[in-house]
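Participant: Compute the structure for the input listed below.
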Amino acid sequence: MTARIALSACLVAVTSAKVLYKEEFGDGWDTRWVVGAAGDKSVGKWESTAGDYYGGEEAAAKGIMTSEDMRHYFLATSTDEISNKGTDLVIQYSVKFTKTPECGGSYIKLLSNSDPKTFDNESPYNIMFGPDQCGGTKRVHAILTYKGENILKTSDVSLSIYDELTHVYSFVIKADQSYEVFVDLESKASGQIQDDWKVLEAKKIEDPAVSKPSDWVEDAMMDDPEDKKPEGWDDVKETIVDPEAEKPEDWDDEDDGEWEAPTISNPEYKGAFSAKRIDNPEYKGVWVHPEIDNPEYKPDPTLHESVSNGIGFELWQTKAGSLFDNIIITDSWDEAKKYAEDTWTATKDAEKKMKEDNEAKAAEAAKADEKTDDDEEEEDDEKDEL
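Facilitator: Numbering: from 1, shown residues only. Okay, here's the model as predicted:
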């Protein structure tokens with residue numbers, strides 16, 4: 001009976017999952033997505049491709065890829081209402097860097113009241129999420145918009161994976177106002193939104209009516225008052241004249257000036273005197289400022305909620321080659337996870353093998369070309385000898 005109840009509950013959970021949006025960038029994607037307003041920006045072109053290596057069938061592996069270096073990219077689409085009022089929200093998509101990126105983002109935005117035709121870097125959004133790298137900074141961006149302000153996560157979600165294979169990025173925002181960030185279905189960060197984004201005033205503040213007592217001692221150690229500097233300590237010089245140095249025989253005082261013997265470190269020198277350190281009997285520990293409830297703090301049961309009507313990519317890339325695919329917006333992590341398993345887990349090994357095979361063939365071809373060049377050079381040398 002227990003097993004049947006568990007199975008029934010599982011089926012209810014699966015069937016109740018709601019997919020709010022899905023895009024696999026198949027035929028006709030360019031009629032659903034619109035290149036935004038360029039303004040004074042140099043906007044790059046998008047290419048439909050699976051890249052030079054992929055898992056599964058090429059047609060199924062195709063996504064859209066940035067194709068021009070040193071370009072902005074504004075691409076957006078309208079969607080039915082994407083709302084997480086009273087529900088979880090999961091944003092998930094895949095990115096493959098077909099070229100090792102130098103500086104640029106590969107994140108996605110959930111848009112609010114935006115027209116895809118006029119979409120650009122100034123267009124309002126509710127959520128921005130995805131990998132970003134420039135110089136030594138490699139992170140997964142997670143920005144939430146609260147009361148019109150775009151608020152960055154207070155601590156970075158580090159991005160340790162930055163190779164040329166496909167990876168899946170997932171952002172789960174739960175109805176209980178907790179969150180979790182996944183990379184390749186592995187949890188990288190989690191917690192409460194109000195703790196990790198400055199969306200609300202702090203619950204507690206330091207009590208302004210209390211100050212640290214003037215006689216509070218926070219030094220755990222002190223100089224031993226009985227440890228006195230020995231007499232003559234400062235009379236010992238740091239350097240002394242080298243006793244083994246001799247004036248060169250060819251030294252001429254009139255021409256070379258008065259000869260001075262070089263100095264060496266004094267083996268008797270002990271450095272500046274410092275008394276021994278002992279436990280401070282007056283030590284009271286580190287003083288902790290008492291806290292009180294913050295009168296400015298007001299809980300907001302809707303702080304995690306948003307209503308979006310579109311999705312966009314607003315990017316700057318010094319080196320192109322970011323390939324996007326398999327976007328899913330849903331109210332169920334189980335649904336998103338299963339989709340990732342069907343589209344990424346099932347093909348990642350084949351993609352990796354194809355990449356390795358391509359690299360091996362390229363290496364063999366380069367070696368063959370090198371041998372051909374050597375043979376031709378040897379024939380030329382033989383002709384010159386004749």
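Participant: Every contact and neighbour count from this point should use C-alpha atoms.
Facilitator: OK.
Participant: tell me, what residue is most central in this structure?
Facilitator: The centroid of the chain falls nearest to Arg139 when counting by CA atoms, centre = their mean (0.6 Å).
Participant: wouldn't that residue be in contact with Pro131 here?
Facilitator: Yes: proximity of Arg139 to Pro131 meets the contact threshold set by CA atoms under 8 Å, at 5.8 Å.
Participant: Overlap in contacts, those two.
Facilitator: Leu159 (CA atoms under 8 Å, 6 or more residues apart in numbering).
Participant: For the stretch 251-386 of the chain, which segments count as strands?
Facilitator: Applying DSSP state E, counting those that start in this stretch to the stretch 251-386 of the chain gives strands spanning 263-265, 277-279, 291-293, 307-317, 322-330.
Participant: among these, which is the most enclosed?
Facilitator: strand 322-330 (a mean of 24; mean count of other CA atoms under 10 Å).
Participant: what's that one packed up against?
Facilitator: With contacts taken as 3 or more CA pairs under 8 Å, 6 or more residues apart in numbering; DSSP states H and E, strand 322-330 sits against strand 19-23, strand 63-66, strand 89-97, helix 333-340.
Participant: quick one, it and strand 89-97 angle?
Facilitator: 170 degrees (axes from the mean of the first three to the mean of the last three CA atoms, to 10 degrees).
Participant: and the angle for strand 322-330 with strand 307-317?
Facilitator: 170 degrees.
Participant: How about residues contacting strand 322-330?
Facilitator: Contacts for strand 322-330 (CA under 8 Å, 6+ apart): 17-25, 50-51, 62-66, 89-99, 106, 336, 343.
Participant: repeat that with 7 Å
Facilitator: Outside strand 322-330, the residues that touch it by CA atoms under 7 Å, 6 or more residues apart in numbering are 18-25, 63-66, 89-98, 106, 336.
Participant: again with stretch 57-69
Facilitator: Contacts for stretch 57-69 (CA under 7 Å, 6+ apart): 24-25, 44-50, 54-55, 317-325.
Participant: Okay, strands next: where are they in the stretch 101-250 of the chain?
Facilitator: Using DSSP E, counting those that start in this stretch, the strands of the stretch 101-250 of the chain run over residues 103-105, 108-111, 125-134, 137-146, 149-152, 157-158, 166-173, 178-183, 186-192, 204-206, 221-223, 239-241.
Participant: Strand partners (parallel or antiparallel) of the third one?
Facilitator: Strand pairing for strand 125-134, using DSSP bridges, gives strand 103-105 (antiparallel), strand 108-111 (antiparallel), strand 137-146 (antiparallel).
Participant: Pull out the buried residues from the first one.
Facilitator: Taking 16 or more other CA atoms under 10 Å as the neighbour-count basis, strand 103-105 is seen to contain the buried residues Cys103, Gly104, Gly105.
Participant: Let's have those in TSV, adding distance to Val286 and pLDDT.
Facilitator: Output for the buried residues of strand 103-105, formatted as TSV (distance: CA to CA, whole Å; pLDDT from 0 to 100):
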residue	distance to Val286	pLDDT
Cys103	44	79
Gly104	44	80
Gly105	43	86
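Participant: Show me which of the residues you listed is closest to Gly135.
Facilitator: Proximity of the buried residues of strand 103-105 to Gly135 (CA to CA) peaks at Cys103, which lies at 6.5 Å.
Participant: how close does the closest one get to Ser170?
Facilitator: Counting by CA to CA, to the nearest Å, the gap from Cys103 to Ser170 is 22 Å.
Participant: again, but for Glu180
Facilitator: Glu180 is 8 Å from Ser170, by CA to CA.
Participant: So for the two, which residue has more residues nearby?
Facilitator: Ser170 (28 against 18; other CA atoms under 10 Å).
Participant: who's that one bridged to?
Facilitator: Under DSSP bridges, the beta-bridge partners of Ser170 are Gln92, Phe182.
Participant: Need the winner for burial among the strands paired with strand 125-134.
Facilitator: Most buried among the strands paired with strand 125-134, counting by mean count of other CA under 10 Å: strand 108-111, with a mean of 24.
Participant: ok, how many other residues are close to Glu68?
Facilitator: Glu68: 18 neighbours (other CA under 10 Å).
Participant: could you say which helix or strand contains it?
Facilitator: For Glu68, there is no host helix or strand (DSSP states H and E).
Participant: Roughly how far does it sit from Ser160?
Facilitator: For Glu68, the distance to Ser160 - CA to CA - is 25 Å.
Participant: try Gly191
Facilitator: From Gly191 to Ser160 the distance is 20 Å (CA to CA).
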